[in-house]
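Undergrad: this one's sequence-less:
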DNA sequence: ATTGCTGTACTAATACATATAGTACAGTTA
DNA sequence: TAACTGTACTATATGTATTAGTACAGCAAT
């Protein structure tokens, strides 16, 4: 049975990201910040679907992606559990993804009128808690 | 008539962004970096469509967005021209967009294994040429 | 063993966003 | 008048996201 606490996760219709993406991003963040412990069990596919009032298929898809990326371990018949932190991508893939993220970010802040320094300052505040834990 | 130089702009099928977005992002960048001068005329809707081998409607849509955001000025029957730099969004809208961009960026670099400092260093290099001109 | 939970794997239907195709019209200039 | 400009439509095809429903195999407790 193994009851599981609800995830501190909210979906927003205003958010332009698709539901699946909102779920994967949210869970990655919870893991990275340590709000979910390594080894902890996640809500079941059907349970989280009910909590978020979305289709179980949508949750299953999100879980499947996180499993493929190595954030979660699946144990058949048992459930999904937060995996040990590990190297998730090849060096070239890491580099490629960072470059894409920076390009995209640049395109989005272009024309907002902020200076580079203003933006870097904000980024440091926001990124530190995400990246400077050993579960990320 | 007013011939116009081709834009240094390439579309990529590998790029996940829709074509319209690739065009708007690309032109914003060209303007911000000063590769297109303020007051310069842009290629015609049909001309750029031919250059990029996309539908004229797609270019028109991209131009229309840039016009609405104040990057371009439209003169009926004449063409589209790079507008004078100006405040393009309200303060709250600027702040909202920056927050969204930072959130998105954080979600994308999460789990890549970079430290905050490594990322900030890379960002400074990439953002400076985009943001520290007076056409941005 | 049965019951009830777990993840996983399908098919089908619907809605939405994107891009293309084609046509049309008003303003500008040579 | 002719040849350009931007702009505004309708229609169509395609891909993605989501929902709905069904099914099956693994695990644990009664």
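TA: Yep, that arrived. Worth saying up front: this structure is predicted, and the values here are computed from it rather than measured.
Undergrad: how about the strands in chain A?
TA: In chain A, the strands defined using DSSP state E lie at A:72-75, A:79-82.
Undergrad: quick one: buried residues of stretch A:55-74?
TA: Applying a neighbour-count criterion of 16 or more other C-beta atoms under 10 Å in any protein chain shown, one finds A:58-59, A:61-66, A:71-72 buried in stretch A:55-74. Every residue, glycine included, has its C-beta placed from N, CA and C.
Undergrad: out of the residues you listed, which touch chain B?
TA: Intersecting the buried residues of stretch A:55-74 with the contacts of chain B gives residue A:71 (criterion: C-beta under 8 Å from any C-beta of the partner chain).
Undergrad: if we look at DNA strand D, which of the buried residues of stretch A:55-74 are close to it?
TA: Intersecting the buried residues of stretch A:55-74 with the contacts of DNA strand D gives residue A:58 (criterion: C-beta under 7 Å from any atom of the strand).
Undergrad: got a markdown table for the buried residues of stretch A:55-74, with distance to residue B:106 too?
TA: Converted to a markdown table, the buried residues of stretch A:55-74 look like this (distance: C-beta to C-beta, whole Å):
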| residue | distance to residue B:106 |
| --- | --- |
| A:58 | 23 |
| A:59 | 23 |
| A:61 | 22 |
| A:62 | 18 |
| A:63 | 21 |
| A:64 | 23 |
| A:65 | 18 |
| A:66 | 17 |
| A:71 | 15 |
| A:72 | 20 |
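Undergrad: which of the buried residues of stretch A:55-74 fall within helices?
TA: Judged by DSSP state H, the buried residues of stretch A:55-74 include A:58-59, A:61-66 as members of helices.
Undergrad: closest to chain B out of the residues you listed?
TA: Minimum distance to chain B across those is 10.0 Å, recorded for residue A:66 (C-beta to the nearest C-beta).
Undergrad: residues touching the residue lying closest to the closest one once chain neighbours are set aside, list them.
TA: Across the structure, with C-beta to C-beta, 6 or more residues apart in numbering or on different chains as the measure, the residue nearest residue A:66 apart from its sequence neighbours is residue A:72 (4.6 Å). For residue A:72, the contacting residues are A:42, A:63, A:66, A:80-83, taking C-beta atoms under 8 Å, 6 or more residues apart in numbering or on different chains as the criterion.
Undergrad: JSON lines for these, including pLDDT?
TA: As requested, the contacts of residue A:72 are exported to JSON lines (pLDDT from 0 to 100):
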{"residue": "A:42", "pLDDT": "97"}
{"residue": "A:63", "pLDDT": "98"}
{"residue": "A:66", "pLDDT": "97"}
{"residue": "A:80", "pLDDT": "97"}
{"residue": "A:81", "pLDDT": "97"}
{"residue": "A:82", "pLDDT": "97"}
{"residue": "A:83", "pLDDT": "96"}
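Undergrad: please pick the buried ones from those residues.
TA: Applying 16+ other C-beta under 10 Å to these, the neighbour count classes A:42, A:63, A:66, A:80-83 as buried.
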